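[1] Turn this into a structure:
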Amino acid sequence: MTTSPEHARLLRLATRASVAVACTLIIAKAIAWWLSGSVSMLAGLTDSALDGVTSLLNLLAVHYALRPADDDHRYGHGKAESLAGMAQALFIGGSAVLIAFQAYERIQQPEPLGAPWISIGVIVFSLVLTAALLMLQHRVIKQTGSNAVRADSLHYRSDMLLNGSILIALILAGLGFHQLDAWFGLGIAVYILWSAIQIARESFSVLMDEELPVDVSQHMLELACGVPGVLGAHDLRTRISGNHWFVQLHLELPGELTLSVAHGISDQAADAIHAAYPRAEVLVHADPQEVVKAARAQ
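    Numbers count the residues shown, from 1 in each chain. Sure, this is the predicted structure:
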């Protein structure tokens, strides 16, 4: 089980681009927050700082996950991506709590913003840069199915909403509605926390070997049963590790077949599933139909 060179290249490109974008936005937002004192901008800066940490974790996790299977990890190292996703969820959830506290204090003690128009320019720049990164990540996810990049993309999509909210808050603050900045910051904190929960749920399902969707499993059974000579299929089991799907199933074959013929039919069933789902590594066990019928009759 190996990852194709093109998939590896795309994964490395996406994670490196994510780190570069996060570092650029940290510097820009830090300057804007220093000049404006905006809670919304602080929310954006905190989020970008955590983006930098989580993107770096992603970079390391993907590097580890791309290592081929070895004697100690026969199923590869793909779950490192989901561990990185859990770490992201913790960091993002922590940032939401910090932002909420800052927003509550500013609601209690409103302050006018300084240099709001510089901050607005920084946020517009952030929106453009984040949109470009999301386009790249969408391409990588479509081609690799990476859990780590999907989690990274999820919180960068939340950044788009976050930065859009900050932009509105700064414009209103520049027009004299100073307290709205803090309320927007509080709303952003709630949304960030929700994003963290979503990332954690997806990563947890992979770590706990959750099955693939029912429609996918059903289609796999149909593909296996469509192979000439197959009388039925049962006990399909699936799980995900990184960008690999592990699939196991039992085929029901005529008991009089020779071992060589049964093996050939099993390979055809595995190939049919792999052709439809290239990420799937399929293990097929052949059962004589007579044995299956006897077991079901008991």
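[2] give me the number of residues near residue 245?
    Residue 245: 22 surrounding residues under other Cβ atoms under 10 Å. Where you see a C-beta, it was placed from the backbone N, CA and C, and this is true even at glycine.
[3] Then the one 5 residues further on?
    Applying the criterion other Cβ under 10 Å, we find 18 residues in the vicinity of residue 250.
[4] if I've got this straight, it is in a helix?
    No. Counting by DSSP: H, G, I helix; E, B strand; the rest coil, one finds residue 250 to be strand, located in no helix.
[5] show me what contacts it?
    By Cβ atoms under 8 Å, 6 or more residues apart in numbering, the contact list for residue 250 reads 233, 234, 235, 284, 285, 286, 287, 292.
[6] what's the domain layout of the protein?
    Domain segmentation of the chain under the TED database yields 5-208, 214-291.
[7] Buried ones among the contacts of residue 250?
    Neighbour-count burial (16 or more other Cβ atoms under 10 Å) is assigned, among the contacts of residue 250, to 233, 284, 286, 287, 292.
[8] Leaving out the residues flanking it, which one is nearest to the last one?
    Read that as residue 292. Counting by Cβ to Cβ, 6 or more residues apart in numbering, residue 292 lies nearest to residue 252, which is 5.1 Å off, once chain neighbours are set aside.
[9] Surely the one you found is in contact with residue 230?
    Yes. With contacts counted by Cβ atoms under 8 Å, residue 252 reaches residue 230, the gap being 7.1 Å.
[10] what's the burial count for residue 278?
    10.
[11] So it versus residue 7, what's the distance?
    10 Å (Cβ to Cβ, to the nearest Å).
[12] Tell me the pLDDT of residue 268.
    Looking at residue 268, its pLDDT stands at 94.
[13] What is the burial count for it?
    Going by other Cβ under 10 Å, the residues that sit close to residue 268 add up to 17.
[14] what about the stretch 101-250 of the chain, any weak spots by pLDDT?
    Applying pLDDT under 70 to the stretch 101-250 of the chain flags residues 102-103, 105-106, 109-116, 147-148, 151, 155, 173-174, 176-182, 205-210, 241-243.
[15] just the helices in the stretch 51-200 of the chain please.
    Listed in chain order, the helices of the stretch 51-200 of the chain (DSSP state H, counting those that start in this stretch) span 80-108, 116-144, 147-174, 179-207.
[16] Take those helices and lay them out in a markdown table including distance to residue 59 and mean neighbour count.
    Shown next, in a markdown table, are the helices of the stretch 51-200 of the chain (distance: least, Cβ to Cβ, whole Å; neighbours: other Cβ atoms under 10 Å):
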| stretch | distance to residue 59 | mean neighbour count |
| --- | --- | --- |
| helix 80-108 | 9 | 20 |
| helix 116-144 | 13 | 18 |
| helix 147-174 | 9 | 23 |
| helix 179-207 | 17 | 20 |
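[17] Of all those helices, which one comes closest to residue 26?
    Evaluated over the helices of the stretch 51-200 of the chain, closeness to residue 26 peaks at helix 116-144, with 10.5 Å, by Cβ to Cβ.
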